[in-house]
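Colleague: just the structure for this:
(chains A and B)
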Protein chains: 2
Amino acid sequence: MALTVLYAGSEAERDDWRSALAQGADARGMELTLVFDPETVAAETVDVLLFAPDGPVPDLRRFPRLAAIQSLWAGVETIVTRPDLPPGVPIARMVDPGMTEAMVEYVLGAVMRVHLGHDRLLDQRRDRVWRPIAPPLARDRTVGVMGLGVLGAACAQALARLGFDVAGWSRRPRILDGVESHAGIAALPGFLARSEILVILTPLTEQTRGLMDAEMLAKLPAGAHVINVARGPILDDAALLDALARPDGLGGATLDVFDVEPLPDDHRFWDEPRIMITPHIASVSRPETAAPVVLDQLDRLQRGEPLRHLVDPDSGY
Amino acid sequence: MALTVLYAGSEAERDDWRSALAQGADARGMELTLVFDPETVAAETVDVLLFAPDGPVPDLRRFPRLAAIQSLWAGVETIVTRPDLPPGVPIARMVDPGMTEAMVEYVLGAVMRVHLGHDRLLDQRRDRVWRPIAPPLARDRTVGVMGLGVLGAACAQALARLGFDVAGWSRRPRILDGVESHAGIAALPGFLARSEILVILTPLTEQTRGLMDAEMLAKLPAGAHVINVARGPILDDAALLDALARPDGLGGATLDVFDVEPLPDDHRFWDEPRIMITPHIASVSRPETAAPVVLDQLDRLQRGEPLRHLVDPDSGY
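Modeller: Numbering: from 1, shown residues only, chains lettered A, B, ... in the order given. The predicted model follows:
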């Protein structure tokens, strides 16, 4: 059975996806019809929709044969909240090994920058100052990882392997080697009080929207650093700026995600030098590593097996 | 048998060493006489010398009973080249677990900074530019580690665990999990040609002094980055500046060690913005983690066992 797959991702990545999927399908001897224009496609032929929030927005009710929606992004908050979701059509998150690797690398880089005091070292170098202050060891530094899904667990374990004292928080208890487990909303304040460096990696859901507000930011130790690589709306912008302004408040923040992206030119974050801003680069799907994941899913579909990494409609991720 | 131990390290760290050694000896029930002034000490009572190049310089021929010299630094080039070395007295390098951890952390931080393009991201952030370019994955980046002793091996393996393609070079062949082995001087050019990021971690010996000269730097791929955390004289200063100036030359350097430290105010390195300068902080012994190592050695001496990490007089490390 040949599958018809509609790509509804970004135009910029369309050619990379086309060649990665076509080559992979050829290599597997898989029959695949790839279509790219939701307006002109024969809607009744589409079996699978590849979805990304930066692509065109087809009306999902137009595809009577739709058997699955495969997200091309790790976060699925843009698709699960759509009113035109066809009932009963399974939605799968993207778990791209390349994306997991990239996320771990971004997070380790950001944590090491804060841990080793790179910003202070860069200032000293610019001012031609020689001031040898050895940084503390990772074993004496607590990093909190908020959200222990595929990405959060990978980051927490990589940080633990590097020697950091790692605390993890998740909605439901998760046991991970070398990671102190905190679970449930009641455990969040205690977890935050331990986190000298906090890495936010929860999915964006109704429960996590605005979760890191003034009250929760105040639980962090004085001088703590917040790294947000999940979604902008989890962290309250005004509360973050206030926490940075308090004398016993935060030491800094590293943000890769924002309520509105690109971050608007007049956003107050640009005026706060203690906020490192990166342009949503931590969690990008890479067609060369994500296409094999998509093809595995199509293969399962053809064999009548359930897709992997299905979204739970109740939790929203 | 109580041992008399003369501390000849820096004055700044004297009190930390004193309390760490005294407490550790107490806890072990070890009898230890710690002395601190090489001028006034009864020279004939000294059994062990604790040596660091930033301490006082006692005449080593004054101590007739000297049974061992324990370096407080990882590098021993300052002591093994002394003309007053008493023949037959064993010299031990410092292998401090805290120093190894600190070195791994420094090197990972520096490699991630280069790998992820933190400098470019900081420039973009300062200029308020949003330009999402995802960095390559560690698996597509080759890091070369030159020198595979305790520190080099720990760095190479930590980088390999992070996913980097790691090549290692050492004088004698070393087999390390996940590290491509290159050995001997004839293999150096091929190893360098592979190294997009080069970490120098060889001891300073007659063989390695000036080893990274213009010819060897030219073997590195265009745009490569050199990290020196070993000793300044291994890398030729003028050749490094020339290699940075060539259009197809180096992309940058991160230096923690220099021929003269502190790096003189008028040194040309300060004028080259592509050289990150840090004030010899990567490989500092920490009394709290190094004192137990010293006490283990004293224990071995008392029991008549050979010291660990002995310097080989032929190789100089």
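
Colleague: can you map out the strands along the stretch 101-250 of chain A?
Modeller: A:142-146, A:165-170, A:179-183, A:197-200, A:225-228 (DSSP state E, counting those that start in this stretch).

Colleague: how near is the residue nearest the centre of chain A to chain B?
Modeller: Nearest to the geometric centre of chain A sits A:Ala230, at 4.2 Å (CA atoms, centre = their mean). Separation of A:Ala230 from chain B (CB to the nearest CB, to the nearest Å) stands at 17 Å. From N, CA and C alone the C-beta is placed, and that goes for glycine too.

Colleague: picking up where we left off before, need the strands of the stretch 101-250 of chain A in JSON lines (columns: distance to chain B).
Modeller: Converted to JSON lines, the strands of the stretch 101-250 of chain A look like this (distance: least, CB to the nearest CB, whole Å):
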{"stretch": "strand A:142-146", "distance to chain B": "13"}
{"stretch": "strand A:165-170", "distance to chain B": "13"}
{"stretch": "strand A:179-183", "distance to chain B": "16"}
{"stretch": "strand A:197-200", "distance to chain B": "13"}
{"stretch": "strand A:225-228", "distance to chain B": "13"}
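
Colleague: reformat the ones you listed as JSON lines; add mean pLDDT, distance to A:Glu105 and mean neighbour count.
Modeller: Output for the strands of the stretch 101-250 of chain A, formatted as JSON lines (pLDDT from 0 to 100; distance: least, CB to CB, whole Å; neighbours: other CB atoms under 10 Å in any protein chain shown):
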{"stretch": "strand A:142-146", "mean pLDDT": "98", "distance to A:Glu105": "15", "mean neighbour count": "27"}
{"stretch": "strand A:165-170", "mean pLDDT": "98", "distance to A:Glu105": "17", "mean neighbour count": "25"}
{"stretch": "strand A:179-183", "mean pLDDT": "97", "distance to A:Glu105": "19", "mean neighbour count": "19"}
{"stretch": "strand A:197-200", "mean pLDDT": "98", "distance to A:Glu105": "13", "mean neighbour count": "27"}
{"stretch": "strand A:225-228", "mean pLDDT": "98", "distance to A:Glu105": "13", "mean neighbour count": "25"}
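
Colleague: contacting residues for the residue nearest to A:Leu121 when sequence neighbours are not counted?
Modeller: Distances taken as CB to CB, 6 or more residues apart in numbering or on different chains place B:Thr278 nearest to A:Leu121, at 5.5 Å, with adjacent residues excluded. Going by CB atoms under 8 Å, 6 or more residues apart in numbering or on different chains, B:Thr278 touches A:Leu121, A:Arg125, B:Tyr106, B:Thr254, B:Leu255, B:Asp256.

Colleague: in the residues you listed, find the pair that's most separated.
Modeller: For the contacts of B:Thr278, the farthest-apart pair by CB to CB is A:Arg125 and B:Tyr106; their separation is 14.7 Å.

Colleague: those two - which one has more neighbours?
Modeller: Under the criterion of other CB atoms under 10 Å in any protein chain shown, the comparison of A:Arg125 against B:Tyr106 puts B:Tyr106 first, with 24 against 18.

Colleague: isn't the more buried one right next to B:His280, touching?
Modeller: No: judged on CB atoms under 8 Å, B:Tyr106 makes no contact with B:His280 at a distance of 10.6 Å.

Colleague: dump the worst-scoring helix or strand of chain A on mean pLDDT to CSV, restricted to CA.
Modeller: Lowest on mean pLDDT, DSSP states H and E among the helices and strands of chain A sits helix A:77-80, with a mean of 91. Extracted C-alpha coordinates of helix A:77-80, given in CSV (Å, rounded to 0.1, in the frame of the first residue of the first chain):
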residue,chain,number,x,y,z
GLU,A,77,1.1,22.6,21.8
THR,A,78,0.2,24.3,18.5
ILE,A,79,-1.5,21.2,17.0
VAL,A,80,-3.2,19.7,20.0
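
Colleague: distance from it to the middle of the chain?
Modeller: Taking CA atoms, centre = their mean, to the nearest Å, the mean C-alpha location of helix A:77-80 is offset from the chain mean by 13 Å.

Colleague: please apply the same query to stretch A:147-159.
Modeller: 11 Å.

Colleague: so where's chain A uncertain?
Modeller: Within chain A, the stretches with pLDDT under 70 are A:1.

Colleague: longest helix in it, please.
Modeller: Longest helix in chain A by number of residues, with DSSP state H as the criterion: helix A:97-116.

Colleague: other SSEs contacting it?
Modeller: If you count contacts as 3 or more CB pairs under 8 Å, 6 or more residues apart in numbering or on different chains; DSSP states H and E, helix A:97-116 packs onto helix A:150-161, strand A:197-200, strand A:225-228, strand A:252-255, helix A:287-302, helix B:97-115.

Colleague: distance to B:Asp312 added to the ones you listed, as TSV?
Modeller: Shown next, in TSV, are the helices and strands packed on helix A:97-116 (distance: least, CB to CB, whole Å):
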stretch	distance to B:Asp312
helix A:150-161	32
strand A:197-200	42
strand A:225-228	44
strand A:252-255	45
helix A:287-302	46
helix B:97-115	20
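
Colleague: deepest of the ones you listed, which one?
Modeller: Highest mean neighbour count among the helices and strands packed on helix A:97-116 (mean count of other CB atoms under 10 Å in any protein chain shown): strand A:197-200, with a mean of 27.

Colleague: partner strands of it, with direction?
Modeller: Here strand A:197-200 has these sheet partners by DSSP bridges: strand A:142-146 (parallel), strand A:225-228 (parallel).

Colleague: now A:Ala222: closest residue in space, sequence neighbours ignored.
Modeller: A:Asp248 (4.5 Å).

Colleague: what's the local residue count around the one you found?
Modeller: Using other CB under 10 Å, A:Asp248 has 9 neighbouring residues.

Colleague: and it, how far is that from A:Asp271?
Modeller: 22 Å (CB to CB, to the nearest Å).

Colleague: what does the stretch 151-300 of chain A put close to chain B?
Modeller: Counting by CB under 8 Å from any CB of the partner chain, the residues of the stretch 151-300 of chain A close to chain B are A:158, A:161-163, A:261-263, A:265, A:270, A:276-281, A:284, A:286, A:289.

Colleague: 6 Å instead?
Modeller: A:Gly163, A:Pro262, A:Trp270, A:Ile277, A:Thr278, A:Pro279, A:His280, A:Ile281, A:Val284 (CB under 6 Å from any CB of the partner chain).

Colleague: contacts for the longest helix of chain A, please.
Modeller: Residues outside helix A:97-116 that contact it (CB atoms under 6 Å, 6 or more residues apart in numbering or on different chains): A:135, A:141, A:143, A:151, A:154-155, A:158, A:197, A:199, A:225, A:227, A:254, A:282-283, A:285-286, A:289, B:108-109, B:112, B:116, B:137-138, B:163.

Colleague: re the thing from before, need the strands of the stretch 101-250 of chain A in JSON lines with distance to B:Pro86, can you?
Modeller: Formatted as JSON lines, the strands of the stretch 101-250 of chain A follow (distance: least, CB to CB, whole Å):
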{"stretch": "strand A:142-146", "distance to B:Pro86": "47"}
{"stretch": "strand A:165-170", "distance to B:Pro86": "45"}
{"stretch": "strand A:179-183", "distance to B:Pro86": "51"}
{"stretch": "strand A:197-200", "distance to B:Pro86": "49"}
{"stretch": "strand A:225-228", "distance to B:Pro86": "51"}
